[in-house]
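S.K.: I'll drop the sequence and a predicted model, then ask my questions.
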Amino acid sequence: MVPQNLIDRFEHFFIDQKSADSEVARRIAEFVPKAKWSIIDYSIDEERGALSRAEFDRSKKTIYVTPFKGKFFKRCPGSKPGLLCCNYFVLNLGVQCDMNCSYCYLQSFINSRYLTIYSNIDDALAELSGFESADTINLPLRVGTGETVDSLSLDSLTRHSVRLIDFFRAKPNWTLEFKTKSDSVDALINIESIPNAIVSWSINPEFIVDSEEHGTATLSKRFEAARRCIDHGYKVAFHIDPMIWHPEWRDNYSQLAKQIQTLFDPSEVATLSVGALRFQPEQRNLMRERFGMNSWVTKAEVYKSRDGKMRYDSKLRQEMIELVLGSFRKHSENWKAFICMETPETWVNTETPLPQKTDGLKNLFDARVSQAFV
Amino acid sequence: MAVAMTNQTFSQIQHELDFTPRLSWPDVLPAFSWRGLRIAGFTSPQAKVVELDARHSLVEVLLACYPKLGLSELSRLSVRLEKVLPDYWVEVRSHLFASYGLHWNERLAQTTAALARAPRVFQETVDEKSMQARDLAPLLALNNAAAFNPFLEALSQLKLTKTELARTLELGVELFLLGRSLSDILPSSDDGPAYLRRLEKWRTPVSSETDETWSGEVERWPWPAQVRGQWRRSGDQSGLDVQIRASSPSDLRLKLEKLLKIPERWSHKI
């Protein structure tokens, strides 16, 4: 089933003729009223260039199903000189998100007028298979699908999760990571779980969910979905990211850490990553236009950091990150917590041991992975 | 490109494309028209208007008459052309902007429309400084652009570089949207860089206050002679910069020894 409220979120579904036989097209035809979808034999996404506020907003309401012609598999954008990175690779199965977070980095680069779903997942999996060799099959490769599209929010339409789980079932040393702010886990629960799939949630205190993460599942719904996944045999992970400064940030992030510590056992949570707000300078314009200056993101006191991104003052970042990591350290030494997309100084200035030296995190920073797959 | 001409009189002019270009049309040249649309020499004292060969496109003849146009001029040209030839405008806008090195899209159209509505003095500044569409993006966040016009007029009077001007505009828009009154935001002198520092301080009140407190604290520390300590911000980092002038190795050693007392004063948090 595709939830009615998901279908209602979109004004129209365009299906490229070349994708008409895909599973996602079949599911649209089955579950979406005929008046809301059409098969087209021309490209509707020719015009390129920066989007206006209205175009960006509209792009979240129109789905375009089409095959992707480029490379699906890329290194995580965080893997830049100057940043300590965790060997994360991304598999992009679409572009744009049906949710609407004020800080969303898609605002810095999307130039398509549609929420695009790539129909040729077979090609994506074939590309991944191409990396398989006697040398690489045993390396701890991590592949995430939530970079340019939420991994699961549209899963009731795409069923991509099922195909990916099937693929990774035969590759036990490779890890698949879904990253979502939804509670859409039904498809995952209806199939046999695999130990090398991690279902992860980006989370923030409910106050920030309400004010900045529009259209996402509430924090409690995300926790409930995580519990369902754990009970079904999946590993889960949480990304407390981006931490957003607001007057009650200490209380709210302390409370969030305590909620996790109360609801989950460290053994159930594969990793916990923590990161503070950052965005590309050019992203400010669209954020300001779309969310005004009442958002804690647009009115944030941010400065350009060494990697060119806008970030809070470095001491404030350290304090924010240390508050959360310190809470987990104090609770149990078994939490596998690390800092995401931060400069080495932040690692050094917090009391977090370098991840290469932390049990349970060493594989994430295994340099052999990046050498073998790039 | 050579643009051919045929003679035509004033009486046959049907539309004026007077977009008030910055450079006045040379008196030695006749006014030009294209398919009855006067495109150049709007204030020409000459009685005759020369009709250009209609086999050339409007974009070709405009480019021949105005090889370079600033963003404000292009904005006014767009508004005027859309008004006098609305159907034709839709057909030529992409080509016209491309001819001046810009990619037409809805966002650029909104920017040029906002610029065309801005005070003329601000438009002039934009062209003098060769500002680009992305420099003006903050204007798109304003719901009531007219209310912000006094700021744009005042901005044009300040001595600022292009980069400073773009940043001042952004800060002004953000502070205005954050609820600061215009009278509060408007500059009180023509010292552009000082004004920009003031806006930065208002925009980042918490960090600025912390930086100022540290600056005051650092000034009170017992610096040896010819040693200067300053609290400075560089991007997202702030910290102590120390400048030492030493005349000999022994002088350097002496100063470094005295400097070792500084960390004792630096032990507390502000």
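M.R.: It's in. Numbers count the residues shown, from 1 in each chain, chains lettered A, B, ... in the order given.

S.K.: and A:Ser112, what does it touch?
M.R.: A:Ser112 makes contact with A:Asp45, A:Arg48, A:Ser59, A:Tyr64, A:Val95, A:Gln96, according to CB atoms under 8 Å, 6 or more residues apart in numbering or on different chains. Yep, even glycine has a C-beta here, placed from its N, CA and C like the rest.

S.K.: CSV for those residues, including neighbour count and distance to B:Leu139?
M.R.: What follows is those, written out as CSV (neighbours: other CB atoms under 10 Å in any protein chain shown; distance: CB to CB, whole Å):
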residue, neighbour count, distance to B:Leu139
A:Asp45, 15, 28
A:Arg48, 11, 23
A:Ser59, 23, 22
A:Tyr64, 25, 31
A:Val95, 21, 28
A:Gln96, 22, 26
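
S.K.: Need those in TSV (columns: secondary structure).
M.R.: Below are the contacts of A:Ser112 laid out as TSV (DSSP: H, G, I helix; E, B strand; the rest coil):
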residue	secondary structure
A:Asp45	coil
A:Arg48	coil
A:Ser59	helix
A:Tyr64	strand
A:Val95	strand
A:Gln96	coil
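
S.K.: which of these has the weakest pLDDT?
M.R.: Least confident by pLDDT among those: that is A:Asp45, with 68.

S.K.: if we can go back for a sec, list just the nearest of the contacts of A:Ser112 to A:Phe279.
M.R.: The shortest gap between A:Phe279 and any of these belongs to A:Gln96, at 17.0 Å (CB to CB).

S.K.: Find the nearest non-adjacent residue to A:Arg317, please.
M.R.: With sequence-adjacent residues excluded and distances taken as CB to CB, 6 or more residues apart in numbering or on different chains, A:Arg317 is closest to A:Ala276, at 4.5 Å.

S.K.: My guess is that neighbour contacts A:Ile240. True?
M.R.: No: with contacts defined as CB atoms under 8 Å, A:Ala276 does not count as touching A:Ile240, sitting 9.7 Å away.

S.K.: who touches the helix or strand where A:Phe56 lies?
M.R.: Under the criterion DSSP states H and E, the helix or strand holding A:Phe56 is helix A:53-59. Surrounding helix A:53-59, the residues in contact under the criterion CB under 8 Å, 6+ apart are A:51, A:96, A:107, A:110, A:112-115, A:286, A:289-290, B:106-107, B:140.

S.K.: In stretch A:60-75, which residues are buried?
M.R.: Of the residues in stretch A:60-75, those with enough neighbours to count as buried (16 or more other CB atoms under 10 Å in any protein chain shown) are A:Lys60, A:Thr62, A:Ile63, A:Tyr64, A:Val65, A:Thr66, A:Phe68, A:Phe72.

S.K.: With secondary structure and distance to B:Ser33 as new columns, can those be given to me in TSV?
M.R.: Shown next, in TSV, are the buried residues of stretch A:60-75 (DSSP: H, G, I helix; E, B strand; the rest coil; distance: CB to CB, whole Å):
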residue	secondary structure	distance to B:Ser33
A:Lys60	coil	47
A:Thr62	strand	44
A:Ile63	strand	49
A:Tyr64	strand	45
A:Val65	strand	51
A:Thr66	strand	47
A:Phe68	coil	51
A:Phe72	coil	56
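
S.K.: Near the residue of the stretch 51-200 of chain A found nearest chain B, how many residues? Count them for me, please.
M.R.: Closest to chain B within the stretch 51-200 of chain A is A:Ser52: 4.3 Å, counting by CB to the nearest CB. Per other CB atoms under 10 Å in any protein chain shown, the neighbour tally for A:Ser52 reads 19.

S.K.: Likewise for A:Leu256?
M.R.: 22.

S.K.: residue contacts, it?
M.R.: Contact analysis of A:Leu256 by CB under 8 Å, 6+ apart lists A:Ile203, A:Asn204, A:Pro205, A:Leu219, A:Ile240, A:Val324.

S.K.: Next, find the distance separating the residue nearest to A:Arg317 from chain B.
M.R.: As judged by CB to the nearest CB, to the nearest Å, A:Ala276 and chain B stand 10 Å apart.

S.K.: what's the pLDDT at that residue?
M.R.: A:Ala276 carries a pLDDT score of 97 in this model.

S.K.: Dig out what it forms beta bridges with.
M.R.: The residues paired with A:Ala276 through beta bridges, assigned by DSSP bridges, are A:Met243.

S.K.: Low-confidence regions, chain A specifically.
M.R.: Applying pLDDT under 70 to chain A flags the ranges A:45-47, A:76-87, A:341-374.

S.K.: interface residues of it facing chain B?
M.R.: Where proximity means CB under 8 Å from any CB of the partner chain, the interface of chain A facing chain B comprises A:47, A:49-55, A:282, A:284-285, A:288-289, A:292-293, A:298-299, A:301-306, A:311-317.

S.K.: can we see that at 7 Å?
M.R.: A:47, A:49-52, A:55, A:285, A:288-289, A:292-293, A:299, A:301, A:303-306, A:311-314 (CB under 7 Å from any CB of the partner chain).

S.K.: Tell me which residues are up against stretch B:97-114.
M.R.: Taking contacts as CB atoms under 7 Å, 6 or more residues apart in numbering or on different chains, the residues outside stretch B:97-114 that touch it are A:47, A:49-52, A:55, B:59, B:63, B:69, B:74-75, B:78, B:93-94, B:133, B:136-137, B:139-140, B:145.

S.K.: repeat that with 6 Å
M.R.: For stretch B:97-114, contacts defined as CB atoms under 6 Å, 6 or more residues apart in numbering or on different chains pick out A:49-50, A:52, A:55, B:59, B:63, B:69, B:74-75, B:78, B:93-94, B:133, B:136, B:139-140.

S.K.: quick one: contacts for the residue of the stretch 51-200 of chain A closest to chain B?
M.R.: Remark: with contacts taken as CB under 6 Å, 6+ apart, A:Ser52 is in contact with B:Glu106, B:Arg107, B:Gln110.

S.K.: Find the residue closest to A:Arg113 in space, skipping its chain neighbours.
M.R.: A:Ser59 (5.1 Å).

S.K.: so what pLDDT did the residue nearest to A:Gly49 when sequence neighbours are not counted get?
M.R.: If you skip the residues right next to it in sequence, A:Gly49 has B:Asn105 as its closest partner in space, 3.8 Å away by CB to CB, 6+ apart. On pLDDT, B:Asn105 comes in at 93.

S.K.: And B:Asn105, how far from A:Asn111?
M.R.: 9 Å (CB to CB, to the nearest Å).

S.K.: Need the overlap of contacts for those two.
M.R.: Common neighbours of B:Asn105 and A:Asn111, counting by CB under 6 Å, 6+ apart, are A:Gly49.

S.K.: Would you mind telling me which of the two has more residues around it?
M.R.: Relative neighbour count places B:Asn105 above the other of B:Asn105 and A:Asn111, with 20 against 15, counting by other CB under 10 Å.

S.K.: my read is B:Arg233 is in a strand, agree?
M.R.: Yes: the assignment for B:Arg233 (three-state DSSP) places it in a strand.

S.K.: ok, so what distance separates A:Ser267 from chain B?
M.R.: Where chain B is concerned, A:Ser267 sits at a distance of 36 Å (CB to the nearest CB).

S.K.: and chain B, which residues reach chain A?
M.R.: Counting by CB under 6 Å from any CB of the partner chain, chain B comes close to chain A at B:103, B:105-107, B:110, B:137, B:140-141, B:177-178, B:204, B:206-207, B:235-237.

S.K.: What segments of the stretch 251-374 of chain A are helices?
M.R.: Using DSSP state H, counting those that start in this stretch, the helices assigned to the stretch 251-374 of chain A run over residues A:283-291, A:314-331, A:344-349, A:367-373.
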